[in-house]
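A.B. asks: Show me the folded form of this:
(chains A and B)
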Amino acid sequence: MELNIIVLAKQVPDTRNVGEQAMNADGTINRAALPAVFNPEDLNALEQALLLKDSNPGSKVTVLTMGPARAADILREALYRGADEGVLLTDRAFAGADTLATSYALSTAVRKIGKFDIVLCGRQAIDGDTAQVGPQVAQMLGLPQITCVRKVLSMNDGVLVAERGIENGVEVVKASLPLLLTVEGVAAPCRPRNAYRMLRFHRAATPSEQASEGYRYSSQAKSDEALCLKEWSLEYIGGDASRCGLSGSPTKVKKVENIVFRAKESKRYSSSDCDLKALVAELVENHTIG
Amino acid sequence: MNYYSENRELQHFLKHPLLQRIVAMKERDYSQAGEFAYAPIDFSEAMEGYEGVLQLVGEMCADVVAPNAARIEEDGPKVVDGRVVYAPATEENLDLFKKAGLMGVSLPRRFGGLNFPVAVFTMMQELVCRADAGFGNLWGLQDCAATINNFGNDGQRERYLPMVSAGATMSMDLTEPDAGSDLQSARLKATYSEEEGCWYLDGVKRFITNGDSDIHLVLARSEEGSVDGRGLSLFICEKSCGRVKTRRIEDKMGIHGSPTCEVVFDHAPAELCGSRKMGLIKYVMSLMNGARLGIATQSVAIAQAAYSEAADYARSRKQFGKTIINLPPVYEMVGTMKARLDAARSLLYETARNVDMSYQFADLARERTLAPEERTESKFFSKKADALTPLIKGMGSEIANMNAYDAVQVHGGSGYMRDYLCERLYRDARITSIYEGTTQLQVVAAIRYAASGYYKELLDEYLAIDVPEQLKPLRERIISMAESYKAALEKVQALESQEALDFLARRIYEIAAYSIMASLLMRDAVADEALFSASLHRFVAVAESVLAAHTAYIGNFTMELLNQYK
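C.D. replies: Down below sits the predicted model:
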């Protein structure tokens, strides 16, 4: 079966190698001091997409990212590793988006891509660590979702079976296509960049990049469509500006604190309604939610 | 971590001016860009491509190959039913390199290769061997495909080279129980069946690196009744025929991940590569030169790994209230290791560039007749490549051993424990001065260039360069080294005894090698003084002391002394 697969990916500051200059005095991230990388779990998602493509020849993997112009770097990185196409969603109107506004923009762009069978993304990004965007995109697109996927076990007749991580174990679940999967870091690592693809796709560029002075591969891009990365604006995808960027973001940062964990505190709740209600009440009370 | 981006000394060798010419020839003036989507449009794009792929290899080696090496050391390969089963982590490495498209690095594009120059392949091999010398063998043996490309027929190129690019492994099956250094006594039998129009191989090969490879290059006796090298031919034999089995794997001191096999050919069908009777005289000599450059590369890689381990340890270990790198006996050792490493690397890449140029002319000569000036250049580069290869194989491997020895010494008692990497490096280094021709055989290969005065010519060429004021005294000292080399050689030649020449050859060889390495390192320091000046100062001092010892021995030598050895 030929699948249309979309991978949502994010370019993030590399918080795994944090030096002294990583944080500004006001508690915000000093992006200049941290290299920008492909969010690690999104690479796990890309590998799952490529594995599905391997076992379903003729499938197409499109990588979609939202971010500033330099985020095109991760689209090239995805092409080096085996993706077929890259879409950069970029517009000043998207700036300052929280997870809700991001999910809105991404889901609108996914609709614009049109035909798709499976949407994949990493469970969470290492800069915000919310794990909200995947589930929200699924919700907005009205798709079934399997979160925390470790492995796709099978895919037949439009039904996908996956193993997902849960606390203290795994569970095997199935869902019908189209659907959205979020993938955990313990899933198969992404295949390496491929030398042949690097030598070809380092020329891949968005229209803005192609128009810049230093771009030397215009004649190659004319004859090799794969070298043309897509660059979409809010207007192009037909989104509602009030639901994007800062204006579409109900989350307001009140204060940033540096927390040092000293002791491990955990509580266990059963899955009974009574316990869950008590948990929600507690979280509302201490302002974790609500 | 990334073995490439953190190694500025190695990066320096991608900037050499001769690469511009090598790449232009290799790319046929960038004429393939229309035909292959991954072919460069010009020199600048080609360099960008090499740089990117070297970054990739540097990352894979530091992140995957190096950590896997410890597991491979534990598990090792095994023989099951005549087949070699690699350690799981070896399989992991091979799979990674296949997926990364790094199995046909220097093969032409029409056979699925990346078409990279030897100089760039050599840099990649240095990165791989630094992470794991044993795995470096399995991966580096892809270079055997050059022999099929150079001497096989079109059908063989079209069949085997794409297999190699896609990940088929190779081996060179030369050594036999009674034919080691003396390959001309090889006995494995090749018989031609007129009915089937096919050659068959019968016999045993021994000490074969990666002997259960997919594609074997086999040296065999095709001329019944012959006894010397002129009766030997080269054959290509595929594992898929099912008639080549591994009988056992040797239990070695080091490079545990690289299976050394005893291989049995039981009427195995094979194809003749090139012409009959030219196996040893022509093809194996070429194959061995490629393999010697490979081992020289492995040697420099081990010298680098040993230096890095020693320097890191010396900078962190505290004794007598300070880190030991601040103690003169320690920084003398560590600083000398770095100087030897930089000197050996300089000679390695000088050799690789000349091998590249000689390959380019050989390639061109297969396409059309060379013009007279091209023929002159072709000879110039292949002579240089032939003369430099035994120098770097011999000296590089000796330097790998010196650095590995010193790395253990810097670690003190800890270095003798398996917990530290330097212990493995010490064992891995030991083979480099033995296989693909011992250092003593490198001396034999090099001595004619020494005796003919060719190395002196090379020294004059390398020393003829404008140097900044502050390096002039060092150049004068290297010029004196070149003079003492000439004097020592004259003294030996005046003895008019072949036996005395053979007896003293190692010393003559080392005098030439140290002088040439010093002159090449000087050129690097001229190009990038900040990076190489310290190593140059140290290396010239070390080289002078080696030369003084050797010239004293030669100066005092009499035939009477030689008799005292008997």
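
A.B. asks: So for the lengthiest strand in chain B, mean pLDDT?
C.D. replies: Counting by DSSP state E, the longest strand found in chain B is strand B:260-273. Per-residue pLDDT over strand B:260-273 has a mean of 97.

A.B. asks: Show the subsequent helix or strand relative to that strand.
C.D. replies: helix B:285-316 (DSSP states H and E).

A.B. asks: Tell me the residues of chain A that contact chain B?
C.D. replies: A:191-200, A:202, A:216-217, A:220, A:224 (Cβ under 8 Å from any Cβ of the partner chain). C-beta here means a position set from N, CA and C on the backbone, and glycine is covered the same way.

A.B. asks: Which members of the residues you listed define the maximum pairwise distance?
C.D. replies: A:Arg191 and A:Arg216 (28.5 Å; Cβ to Cβ).

A.B. asks: Find the residue ranges of the stretch 151-290 of chain A scoring beneath the pLDDT cut-off.
C.D. replies: By pLDDT under 70, the weakly predicted segments of the stretch 151-290 of chain A are A:290.

A.B. asks: what ranges do the strands span in it?
C.D. replies: Remark: strands assigned in the stretch 151-290 of chain A by DSSP state E, counting those that start in this stretch are A:159-166, A:169-176, A:179-183, A:230-232.

A.B. asks: I'd like these as TSV, with mean neighbour count appended.
C.D. replies: Shown next, in TSV, are the strands of the stretch 151-290 of chain A (neighbours: other Cβ atoms under 10 Å in any protein chain shown):
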stretch	mean neighbour count
strand A:159-166	17
strand A:169-176	12
strand A:179-183	27
strand A:230-232	20
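
A.B. asks: how far is stretch B:152-165 from where the chain is centred?
C.D. replies: Distance, stretch centre to chain centre, for stretch B:152-165: 24 Å (Cα atoms, centre = their mean, to the nearest Å).

A.B. asks: what about it, near chain A?
C.D. replies: No - judged by Cβ under 8 Å from any Cβ, stretch B:152-165 makes no contact with chain A; its nearest approach is 9.7 Å.

A.B. asks: Identify the residues contacting that stretch?
C.D. replies: Applying Cβ atoms under 8 Å, 6 or more residues apart in numbering or on different chains, the contact partners of stretch B:152-165 are B:103-104, B:107-108, B:111-113, B:142, B:145, B:148-149, B:168, B:170, B:214-215, B:236, B:271, B:273-274.

A.B. asks: Please apply the same query to stretch B:190-209.
C.D. replies: B:137, B:141, B:171-177, B:180, B:187-189, B:211, B:218, B:220-222, B:224, B:233, B:235, B:237, B:247, B:250, B:258-272, B:435.

A.B. asks: And the buried ones among those, selectable in PyMOL?
C.D. replies: In PyMOL, this line selects whichever of the contacts of stretch B:190-209 come out buried by 16 or more other Cβ atoms under 10 Å in any protein chain shown:
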select buried, chain B and resi 137+141+171+172+173+174+175+176+188+211+218+220+221+222+233+235+237+258+259+260+261+262+263+264+265+268+269+270+271+272+435
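
A.B. asks: Quick check: pLDDT value at the residue of the stretch 451-566 of chain B found nearest chain A.
C.D. replies: The stretch 451-566 of chain B approaches chain A most closely through B:Leu531 (24.3 Å), counting by Cβ to the nearest Cβ. In this model, B:Leu531 is scored at 98, pLDDT.

A.B. asks: for it, what are its contacts?
C.D. replies: By Cβ under 8 Å, 6+ apart, the neighbours of B:Leu531 are B:8-9, B:12, B:524-525.

A.B. asks: let's go with 10 Å and repeat that
C.D. replies: B:8-9, B:11-12, B:342, B:524-525 (Cβ atoms under 10 Å, 6 or more residues apart in numbering or on different chains).

A.B. asks: Show me what counts as buried in the host helix or strand of it.
C.D. replies: Per DSSP H and E: B:Leu531 is located in helix B:529-556. Residues B:532-533, B:535-540, B:542-544, B:546-547, B:550-551, B:554 are the ones in helix B:529-556 that count as buried (16+ other Cβ under 10 Å).

A.B. asks: Report the two of those separated the most.
C.D. replies: Taking Cβ to Cβ, no two of those sit farther apart than B:Ser533 and B:Ile554, at 31.2 Å.

A.B. asks: and chain A, which of the contacts of stretch B:152-165 contact it?
C.D. replies: Restricting the contacts of stretch B:152-165 to those touching chain A (Cβ under 10 Å from any Cβ of the partner chain) yields B:103-104, B:112-113.

A.B. asks: Quick one: buried ones out of these?
C.D. replies: The buried subset of these - by 16+ other Cβ under 10 Å - is B:103-104, B:112-113.

A.B. asks: Provide the secondary structure category for B:Leu201.
C.D. replies: strand (DSSP: H, G, I helix; E, B strand; the rest coil).

A.B. asks: What residue in the stretch 1-150 of chain A comes nearest to chain B?
C.D. replies: A:Tyr80 (8.6 Å).

A.B. asks: and that residue, how many neighbours?
C.D. replies: A count of nearby residues for A:Tyr80, using other Cβ atoms under 10 Å in any protein chain shown, gives 24.

A.B. asks: ditto for B:Asp95
C.D. replies: So B:Asp95, with other Cβ under 10 Å, has 13 neighbours.

A.B. asks: Sort out which residues of the helix or strand harbouring it are buried, please.
C.D. replies: Using DSSP H and E, B:Asp95 maps to helix B:88-99. Neighbour counts using 16+ other Cβ under 10 Å place B:89-90, B:92-94, B:96-99 of helix B:88-99 among the buried residues.

A.B. asks: What is that helix packed up against?
C.D. replies: With contacts taken as 3 or more Cβ pairs under 10 Å, 6 or more residues apart in numbering or on different chains; DSSP states H and E, helix B:88-99 sits against helix B:43-60, helix B:66-75, helix B:118-131, helix B:133-140.

A.B. asks: Now do that helix against helix B:118-131, angle only.
C.D. replies: Computed with axes from the mean of the first three to the mean of the last three Cα atoms, to 10 degrees, the direction of helix B:88-99 lies at 160 degrees from that of helix B:118-131.

A.B. asks: Show me how far helix B:88-99 is from its chain's centre.
C.D. replies: Here helix B:88-99 shows a centroid-to-chain-centroid distance of 22 Å under the convention Cα atoms, centre = their mean.

A.B. asks: Give me the average confidence score over it.
C.D. replies: For helix B:88-99, mean pLDDT is 98.

A.B. asks: Give the burial count for the residue in the stretch 201-350 of chain B positioned nearest to chain A, as a bare number.
C.D. replies: Residue of the stretch 201-350 of chain B nearest chain A, by Cβ to the nearest Cβ: B:Asp312 (18.4 Å). For B:Asp312, the count of nearby residues is 14 (other Cβ under 10 Å).
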